[in-house]
Every structure is written in C-alpha cells, then in structure tokens.
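# no sequence on this one, just coordinates:
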C-alpha cells in the first residue's frame with residue numbers, strides 16, 4: 001500500500017518521541033462486490049496496480065509482484081520533484097476471500113522510514129462484502145502516522161471503486177497446469193477455443209508475449225463481428241497473464257484483465273478477473289450476460305484441453321495468422 005508522500009525531511013526519532021513511533025490504525029470499507037471479487041482486487045498484481053496510487057499526482061511502478069505466502073511485492077512511489085519512495089511488501093498469510101497478512105517496509109534514499117504489519121479481514125454478505133484493514137505501524141524516521149492514514153485511506157477508497165466494477169470467473173479444469181497454459185498461450189490454439197459457445201475468432205495479428213498483442217474479431221452465431229485488441233503487459237509462464245482489452249484495434253480501453261493458473265490435485269484452477277473501465281460499462285456488461293458468456297469460454301477451454309492430445313507450442317512459433325474457424 002502506498003502511503004501519502006511527504007516532501008519534508010523526516011526527523012530522527014529521539015527517546016522522548018517513543019510514544020509517537022508506534023500506532024495501530026484501522027480502516028473499514030463496505031464494498032458493493034462479493035468477497036471473491038474483493039479478494040482478487042486486494043491480492044492480484046494486475047488489480048493492485050490499478051488502485052495503488054493514492055492520488056493522480058502519484059505514479060506507482062511495480063518492480064516485483066508475487067502474491068503467495070513467502071512472496072513479495074516491490075514498488076516505487078514517484079512524485080515529480082521528490083525522491084522516490086520504495087515500498088516492499090512480503091506476504092505472510094493468505095486465506096482466500098477471508099484474510100491476508102503482510103509486512104511492509106517503506107524507505108527513501110536507502111534509509112528505512114517505517115515498518116508495518118498489515119492485516120486484512122474480509123467478510124462476505126452475498127453480493128456485498130466488508131473489508132477491515134489493521135496497520136500496526138512503527139515509524140523509524142519522524143512521525144508517519146498522518147501519512148499512513150491519508151495514504152491507506154485514499155488507496156482503500158480507490159480499491160472500493162475498482163472492486164465494484166470487477167468481474168471474477170473461476171473454473172477448475174481437469175487437466176495439468178502445463179496443458180492448460182499451453183492451450184491458452186499457443187497462438188495456434190487460443191483462437192480455436194476463445195469466446196462463448198457458438199462464437200469463432202478471426203485473427204489479424206497474434207504475439208503472446210509480454211509487450212505483445214492479439215488483434216482479432218469475435219464472430220457471433222448470427223454473424224455479428226466484435227472487433228477486439230488485447231495488449232499483454234505481463235506474461236509469467238504457467239502462473240499468470242495481465243492484459244488490457246480495447247474495443248477494436250487501438251480503440252478505446254474496455255477493461256484491465258488478468259488470468260491466474262493454480263495447481264489443484266492434478267487439475268488447474270483458472271481465475272479470470274476483469275476490471276471494467278467505468279461503472280456504466282460494468283453494469284452494461286452484466287446486463288448483457290458477460291458472466292455467463294465468460295463461463296462458457298472457460299468451459300470451451302476445458303473441453304478443448306480434455307478432448308485432444310497434449311501439445312506444447314512449437315519452438316520459435318510466436319506469431320501468425322489464422323483463418324476463421
């Protein structure tokens with residue numbers, strides 16, 4: 001979590017300031033989204049990158065992001081004219097849709113400013129959920145409580161807005177993770193199963209790498225053409241994909257999305273998350289049946305990988321053109 005930047009130089013803490021070194025801060029938010037969506041927004045690196053900056057004047061650059069017990073997240077908080085603030089988070093406990101615990105170390109210019117233990121508790125209330133975040137703060141250079149209150153408060157306000165326009169789809173696919181990943185990240189196979197039942201894909205360009213893209217049309221059962229453009233910002237083999245959806249080639253942004261792949265007793269749990277660009281687009285997508293159509297897409301993926309021999313992508317094949325299927 002990015003704290004609010006303070007341009008003043010921190011004052012070293014002396015013996016008389018010990019009472020100001022330590023603080024316990026509590027933040028509570030009621031969120032108009034189910035706990036499954038809130039959990040993904042709280043933990044998924046692609047989602048955290050959307051809401052992390054407390055204000056528009058702050059840019060957050062993520063250098064590392066590994067959301068699993070023992071993993072860490074490293075980011076730089078950048079404000080024009082001020083030194084960068086480095087934030088390192090380490091995940092200590094992750095109970096999906098229930099609780100997380102992480103440490104946080106904030107430094108600037110190689111000097112540690114603060115250390116905190118952050119506990120997030122999530123409770124489910126059907127289509128709504130509640131988030132309680134407790135921060136046990138130790139300020140090592142000056143009194144940082146006010147900055148933490150402002151930074152965490154603004155970040156959680158952002159998170160609430162993001163969660164309320166987030167869709168999360170999950171399916172356990174009865175195939176090993178390597179097979180599922182290969183079907184998703186092979187330019188020959190992805191267009192064969194992508195899309196809801198009855199839809200096909202017509203590819204213009206496809207390059208499934210970090211910095212790559214997929215320009216294609218989805219064609220509905222009635223022949224309606226839906227232009228699409230996916231931009232891949234992150235590809236971590238057999239772990240996760242982060243990408244942006246545009247309405248047609250270089251068109252307006254539709255959503256930020258991510259996919260994660262987890263082993264589950266020889267099967268693969270696939271989680272597809274999507275943050276729609278606006279609340280209005282989220283409402284329209286839900287009314288259109290986006291959740292049901294997305295689940296159909298994951299169903300097609302399972303049928304695809306369980307009905308054919310496993311094949312890895314051919315060496316060196318990273319782009320190409322494919323006819324409509």
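Structure received. Quick caveat, the model's predicted, so the values are computed rather than measured.

# Strands of the stretch 1-150 of the chain, start to end?
22-31, 59-65, 72-78, 85-95, 99-108, 111-125, 128-139 (DSSP state E, counting those that start in this stretch).

# In stretch 122-138, which of the residues would be classed as buried?
Within stretch 122-138, the residues scored as buried using 16 or more other C-beta atoms under 10 Å are 122, 129, 131, 133, 134, 135, 137. C-beta coordinates here come from the backbone N, C-alpha and C atoms, glycine included.

# residues touching the last one, list them.
Applying C-beta atoms under 8 Å, 6 or more residues apart in numbering, we find residue 137 in contact with 22, 23, 24, 25, 114, 115, 116, 144, 145, 148.

# Out of the buried residues of stretch 122-138, which comes closest to residue 81?
Using C-beta to C-beta, residue 137 comes nearest to residue 81 of the buried residues of stretch 122-138, at 26.2 Å.

# Check the gap between the closest one and residue 121 for me.
Distance, residue 137 to residue 121, by C-beta to C-beta, to the nearest Å: 18 Å.

# Same check on residue 38?
Distance of residue 38 to residue 121, computed by C-beta to C-beta: 11 Å.

# One more: residue 215?
Separation of residue 215 from residue 121 (C-beta to C-beta): 43 Å.

# Show me which of these two is the more surrounded one.
Between residue 215 and residue 121, counting by other C-beta atoms under 10 Å, residue 215 is the more crowded of the two (18 against 15).

# contacting residues for the more buried one?
Shown in contact with residue 215 (C-beta under 8 Å, 6+ apart): 203, 204, 205, 206, 228, 229, 249.

# Repeat the analysis, applying 7 Å as the threshold.
Going by C-beta atoms under 7 Å, 6 or more residues apart in numbering, residue 215 touches 204, 205, 229, 249.

# how about the nearest residue to the first one, chain neighbours excluded?
What that stands for is residue 204. residue 215 (4.2 Å; C-beta to C-beta, 6 or more residues apart in numbering).
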